[in-house]
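Undergrad: I'd like to go over a predicted model; first the sequence, then the structure.
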Amino acid sequence: MPARLWRTLGAVFVVLVFVPPLLLLVSGSLTEPGQPPPPTPRLLPNPVSTAGYEQALALGGLLRAGVNSLLVAAVAVPLSVLVAAWAGFALARVSRRLTGVLAVVSLLALMAPATALLLPRFVLFRLLGLTDTLIPLVAPALLGASPLYVLIYYLVFRGLPADLYDTCRLADLTPMRTWWRFAMPSARPVTAGLTALSFILTWSNFLDPLVYVYDRDLFTLPLALRSLSVLDPSDFPVFLAGAVLATVPPVVVFVLAQRWFLHSDDPTGRFR
C-alpha cells in the first residue's frame, strides 16, 4: 500500500507540473500564424490552425534535423548505457580500496563543469578533422557519457549477493557472461531509467552541436529550433509547433520507460 500511495502521489505531481505547460504549448502551436500574440494564454485557440506545423517543417528544416538527432541518439544512447554498464560491473568486482579511489575520481569528474571541457575537446576534434560532423556528438558515449551512469550501475551491481558471483565463478562463467546473464537482468529498471535520461539529454543537447556543427544539413533539432526562435513575434505559433514536434520523442521514450518502473517489483518476475 505505501508503494502504491507514493506512486499515486508521484503521478499527481507529474500531472500538475508537466501537463499544463504541455497543454499550453500545444494550444499555442495551433494558433494561426501572423496574428498578434494573445494578451493571455488560451487553452483553445480560435480558429484552430495547423499552419504553424507546415511552416515549421518548411522554414526550419525540422525533418532533416530530426533525422540527424535520431541518428545521433540511436548511436550514442545504447553505446553510453552499454559502456556505463561494463564500467559499473568492473568497478563492482575490483578490490574495495581500488573501488574507493575510482569512485572518488568519478565524483571529481562529475564536479567539473561541462563548459570547462569544451575548449580541449574542440581542439582535439579540430586536430582530428572531425569538426562539422556528427562524430563529436557521439564520441562522449565511448566514455559512458557521464560518470553518474557508471556510479549508478556500480551501486546496483555491488548490491547483488556475493554468493551469486561465487556461484558464477564455480560454474566457470566468464565475467562477460556473468554480466549479461545475471547482472544486467537485475538492473532492468535502472537500465530503462538511464536509457530514458540519456536519450533526453542527447536529444536536447544544444551546446555541442552549436560548437561542432556548421553545415545546416547536419543541424540537430535544437539548432533547427533556434533558427525558428528568431522569427517575428507574430509567428510564435511556428516556433511552438517546432517545439511540440521536438517534445514528442522524449515524452514517448519516458512513457515507454514507465513499463519498467511500474513493474520493477512484480512478484511474478515477468519484468525482471
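TA: Great, that's in hand.
Undergrad: okay, buried residues for the lengthiest helix in the chain please.
TA: When the chain is parsed with DSSP state H, its longest helix is helix 62-93. Of all the residues in helix 62-93, those buried under the rule 16 or more other CB atoms under 10 Å are 62, 64-66, 68-69, 72-73, 75-77, 79-81, 83-93. (Each C-beta comes from the backbone N, C-alpha and C, glycine too.)
Undergrad: what of stretch 224-239?
TA: 224-228, 231, 235-239.
Undergrad: chain center to that stretch, what's the gap?
TA: 25 Å (CA atoms, centre = their mean, to the nearest Å).
Undergrad: which residues touch that stretch?
TA: Contact with stretch 224-239 is made by 28-37, 49, 51-52, 55-56, 59-62, 64-65, 206, 219, 242-243, 246, as judged by CB atoms under 8 Å, 6 or more residues apart in numbering.
Undergrad: now do the same contact list for Leu221.
TA: 62, 65-66, 68-69, 203, 246.
Undergrad: quickly check those residues for the two that are furthest apart.
TA: Using CB to CB, the pair of the contacts of Leu221 lying farthest apart is Leu62 and Trp203, separated by 13.2 Å.
Undergrad: shared neighbours of those two, anything?
TA: 221, 246.
Undergrad: re the thing from before, average pLDDT across the helix or strand following the longest helix of the chain?
TA: With elements assigned by DSSP states H and E, the helix or strand that comes after helix 62-93 is helix 96-111. The pLDDT scores in helix 96-111 average 75.
Undergrad: go through the contacts of stretch 224-239 and flag which are in helices.
TA: Mapping the contacts of stretch 224-239 onto helices (DSSP H) picks out 28-29, 51-52, 55-56, 59-60, 62, 64-65, 242-243, 246.
Undergrad: what subset of those residues is buried?
TA: 28-29, 52, 55-56, 59-60, 62, 64-65, 242-243, 246.
Undergrad: how about these in a markdown table, adding distance to Leu98 and pLDDT?
TA: What follows is these, written out as a markdown table (distance: CB to CB, whole Å; pLDDT from 0 to 100):
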| residue | distance to Leu98 | pLDDT |
| --- | --- | --- |
| Gly28 | 54 | 80 |
| Ser29 | 53 | 81 |
| Gly52 | 56 | 82 |
| Gln55 | 57 | 84 |
| Ala56 | 52 | 84 |
| Leu59 | 55 | 81 |
| Gly60 | 50 | 77 |
| Leu62 | 48 | 87 |
| Arg64 | 47 | 90 |
| Ala65 | 44 | 90 |
| Gly242 | 48 | 88 |
| Ala243 | 46 | 88 |
| Ala246 | 43 | 89 |
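Undergrad: for the closest residue to Asp132 other than its chain neighbours, helix, strand, or coil?
TA: In space, and not counting its chain neighbours, Asp132 is closest to Tyr214: 4.9 Å by CB to CB, 6 or more residues apart in numbering. Classification of Tyr214 using DSSP: H, G, I helix; E, B strand; the rest coil returns coil.
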